[in-house]
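Visitor: have a look; sequence and predicted model below, questions after that.
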Amino acid sequence: MATWKHWLWLSTLQGVSLQLKHSLLDHFGDPEAIYYGQREEYLLAPGMTGAAADALADKDTSGADRILEDCARMGLQLLSLRDTAYPGRLRDISNAPLLLYVQGRMPLFDGEAALAMVGTRRASPYALEAGERLAGGIAGRGGLIVSGLAVGVDAAAHRGALRSGGFTAAVIAGGHDIPYPRENRRLYEDIAARGVILSEYPPGTEHMAEHFPQRNRIISGLSVGVIVVEAPRRSGALITASRALDQGREVFAVPGPIYDPRCEGSNRLLEEGAHPALHAWGVLSCYANRFPQKIRAQRGDLPRRFGQDQKTEKSAQPEEPVHTPRPERREPPDRPVLVLSGDHGLTDDQIRLVKALRGRTAQADELIEETGIPARRALSALTVLELDEIVTQDAGKQFSLAVTLK
């Protein structure tokens, strides 16, 4: 039986491509048999070259020992391609990682409605808001958000999932001990505590440019679909979308302004047949039958068919005589009750905002000025309240209560 030392030796061996390593595994069965193989045996493996056979003569495992020590020190879990916990979706892609370095709680991805969310690092305010709210809505309804922990859309996606109380997975392009980008260090810690962070690179590996396209195949490989929020014509997000199509995944895109170059790539995906991502349920409903125990609709997710309101229903009937009395107007059903003195789970900021909205509507700026809550905290609190359906926001960005306070 192969040990972690043999897996680490094979996965980090220089001079042998990942494709050839897969070929060797198919030929020999496991890394230990490869380690003890001879040059003439190596040459029998499909696709083998003389240079790669020479590289396999390096039997030094001191590097593997150091990696094992680093993993133990950092609390990282190792998953090999042959482990039962290794995601089957990822195993089935071309040139799947031989090893995954895992920090946090590894979910059973094959039983999850995992959706990748990607986009430009130089995201517009619109993309950041759309990404965070869409990710929050998906995670809050039982989906799992996968992204790459970069600045911009990636960070917004992770934040949205965490703020909704859902689960998120981050795939990074270097070692766990090298924070990148530095401004996402706190987000990294939040995901490690409440989600999972994955890498195919051992501790000490720098986040190099050539690693990011390789990382993208893992993001799409873990997922059942990929959502592109905002992407210019040349974008890593489009590479992820291309990988997703190659892997047989669905691709969604958030529509953007048609003259904004930041949206050129994502709008082009829509033109070429990608599904429009307009709201969380519109995406998740594609997978509701596949994951019935995971995905749950929320109030308002199943609207009436367009145009099918009371007026259109009546229009098919003969017009009533003028003297016919109109039916009594019915009061709307009672709204949910929020007892502020009970165990409601709200933060102090959320309570102040809810109280400020009692019996009125107000824009975010008014609420910030009235409550004295810093803008960033107030906007974050309002987003969570909206996801929890405690407040609603209309087209004029006016907030109002969706509950009755007691």
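Guide: Okay, I see it. Residues are numbered from 1 along each chain as shown.
Visitor: from here on, just use CA atoms for contacts and neighbour counts.
Guide: OK.
Visitor: now do the strands in the stretch 101-250 of the chain.
Guide: 114-118, 144-147, 167-171, 196-199, 225-228, 250-253 (DSSP state E, counting those that start in this stretch).
Visitor: for these, which one sits closest to A45?
Guide: Ranking the strands of the stretch 101-250 of the chain by distance to A45, with Cα to Cα as the measure, places strand 196-199 first at 27.8 Å.
Visitor: contacts for the closest one?
Guide: 100-106, 168-176, 191, 215 (Cα atoms under 8 Å, 6 or more residues apart in numbering).
Visitor: just checking, next helix/strand downstream of the one helix or strand in the chain whose mean pLDDT sits lowest?
Guide: Among the helices and strands of the chain, helix 310-315 carries the lowest confidence by mean pLDDT, DSSP states H and E, at a mean of 41. Proceeding N to C from helix 310-315, the next assigned helix or strand is strand 337-338, under DSSP states H and E.
Visitor: and that next one, how far from the chain's centre?
Guide: Strand 337-338 has its average C-alpha position 32 Å from the chain's average C-alpha position, going by Cα atoms, centre = their mean, to the nearest Å.
Visitor: list the contacts of that strand.
Guide: By Cα under 8 Å, 6+ apart, the residues outside strand 337-338 that reach it are H344, V403, T404, L405, K406.
Visitor: highest neighbour count among those?
Guide: Of all these, the highest neighbour tally under other Cα atoms under 10 Å goes to V403, namely 18 neighbours.
Visitor: ok, it to N267 distance?
Guide: Between V403 and N267 the computed distance is 37 Å (Cα to Cα, to the nearest Å).
Visitor: with K21 instead?
Guide: With the distance defined as Cα to Cα, K21 ends up 38 Å from N267.
Visitor: looking at these two, which has the bigger crowd around it?
Guide: With other Cα under 10 Å as the criterion, K21 and N267 differ in neighbour count, and N267 comes out ahead with 26 against 21.
Visitor: please identify the helix or strand for that one.
Guide: Assessed by DSSP H and E, N267 sits inside helix 264-271.
Visitor: which strands and helices sit next to that helix?
Guide: Based on contacts counted as 3 or more Cα pairs under 8 Å, 6 or more residues apart in numbering; DSSP states H and E, the elements that helix 264-271 packs against are strand 250-253.
Visitor: tabulate the CA atom coordinates of the strand it packs on in PDB.
Guide: Output of strand 250-253 as PDB, limited to C-alpha atoms (Å, rounded to 0.1, in the frame of the first residue of the first chain):
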ATOM      1  CA  GLU A 250     -23.600  24.200 -17.200                       C
ATOM      2  CA  VAL A 251     -22.400  27.800 -17.700                       C
ATOM      3  CA  PHE A 252     -24.400  30.800 -16.400                       C
ATOM      4  CA  ALA A 253     -23.600  34.500 -16.800                       C
END
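Visitor: just the CA trace of stretch 363-380, in PDB.
Guide: Written as PDB, here are the backbone C-alpha positions of stretch 363-380 (Å, rounded to 0.1, in the frame of the first residue of the first chain):
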ATOM      1  CA  GLN A 363     -32.800  54.400   1.900                       C
ATOM      2  CA  ALA A 364     -29.500  53.100   3.200                       C
ATOM      3  CA  ASP A 365     -28.000  56.600   3.500                       C
ATOM      4  CA  GLU A 366     -30.800  57.700   5.700                       C
ATOM      5  CA  LEU A 367     -30.500  54.700   8.000                       C
ATOM      6  CA  ILE A 368     -26.700  55.200   8.200                       C
ATOM      7  CA  GLU A 369     -27.100  58.800   9.200                       C
ATOM      8  CA  GLU A 370     -29.900  58.100  11.600                       C
ATOM      9  CA  THR A 371     -28.300  55.200  13.400                       C
ATOM     10  CA  GLY A 372     -24.700  56.300  13.300                       C
ATOM     11  CA  ILE A 373     -23.600  52.900  12.200                       C
ATOM     12  CA  PRO A 374     -20.500  53.000   9.900                       C
ATOM     13  CA  ALA A 375     -21.500  52.700   6.200                       C
ATOM     14  CA  ARG A 376     -19.700  49.400   5.600                       C
ATOM     15  CA  ARG A 377     -21.200  47.700   8.700                       C
ATOM     16  CA  ALA A 378     -24.700  49.100   7.900                       C
ATOM     17  CA  LEU A 379     -24.600  47.900   4.300                       C
ATOM     18  CA  SER A 380     -23.400  44.400   5.400                       C
END
